[in-house]
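Undergrad: Attaching a predicted model along with its sequence, questions to come.
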Amino acid sequence: MEQVQQQETLEQMRKRFAKDREIEYKRNKENIYIRLTGYDKYYYANQCWKFTQHILKNGFNQYKSSDIESLYFDTHNITIRLHSTAETDIKRFNNKQEMLGYVVGFNDSQSQKVA
């Protein structure tokens, strides 16, 4: 009987982890206007969220963080929305995979920096 109870607990834990993962995915995907599919969708959504947080905190090129209202990902570009209601592309791409590769590479380079 104890083993059955433990399996139910493990099943409940699995469901809770799955629910938490979906909540995090939805948060991460709020500014992504492309379709992410498969198991990698969680990874790429998280990478885009990390990229967004870095840009909002540190700015990008000549734009200070205080100039930036938000940022979004589209099929062929990553765009910054400025408080002045203007928009500017950070970078343009040929396709979604190229853009996602750029984001992952950018994040990797940021994590390798020595303080």
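TA: In hand now; what should we look at?
Undergrad: what's the average pLDDT for stretch 56-65?
TA: Mean per-residue pLDDT for stretch 56-65: 93.
Undergrad: residues of it that come out buried?
TA: Within stretch 56-65, the residues scored as buried using 16 or more other C-beta atoms under 10 Å are Phe60. Quick note: C-beta positions are derived from backbone N, CA and C, even for glycine.
Undergrad: what's in contact with it?
TA: For stretch 56-65, contacts defined as C-beta atoms under 8 Å, 6 or more residues apart in numbering pick out Ile55, Ser66, Asp67, Ile68, Ser70, Leu71, Ile80, Leu82, Thr88, Ile90.
Undergrad: what's near enough to touch the second one?
TA: Which is Ser66. Residues near Ser66 by C-beta under 8 Å, 6+ apart: Gly59, His83.
Undergrad: Distance of it relative to Gly59?
TA: Here the criterion is C-beta to C-beta, to the nearest Å. By it, Ser66 lies 8 Å from Gly59.
Undergrad: Could I get the pLDDT score of Val4?
TA: 53.
Undergrad: Which stretches in the chain count as strands?
TA: 68-74, 77-82, 87-92 (DSSP state E).
Undergrad: so can I have a markdown table of the ones you listed showing distance to Phe17?
TA: Shown next, in a markdown table, are the strands of the chain (distance: least, C-beta to C-beta, whole Å):
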| stretch | distance to Phe17 |
| --- | --- |
| strand 68-74 | 26 |
| strand 77-82 | 30 |
| strand 87-92 | 33 |
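Undergrad: right, so of those strands, which gets closest to Lys50?
TA: Comparing the strands of the chain against Lys50 with C-beta to C-beta, the closest turns out to be strand 68-74 (12.0 Å).
Undergrad: list the buried ones in the closest one?
TA: Buried, per 16+ other C-beta under 10 Å, within strand 68-74: Ile68, Leu71, Tyr72, Phe73, Asp74.
Undergrad: For it, give the mean pLDDT please.
TA: Mean per-residue pLDDT for strand 68-74: 96.
Undergrad: re earlier: and the contacts of stretch 56-65, which two are the farthest apart?
TA: Farthest-apart pair in the contacts of stretch 56-65 is Ser66 and Ile90; separation 16.9 Å (C-beta to C-beta).
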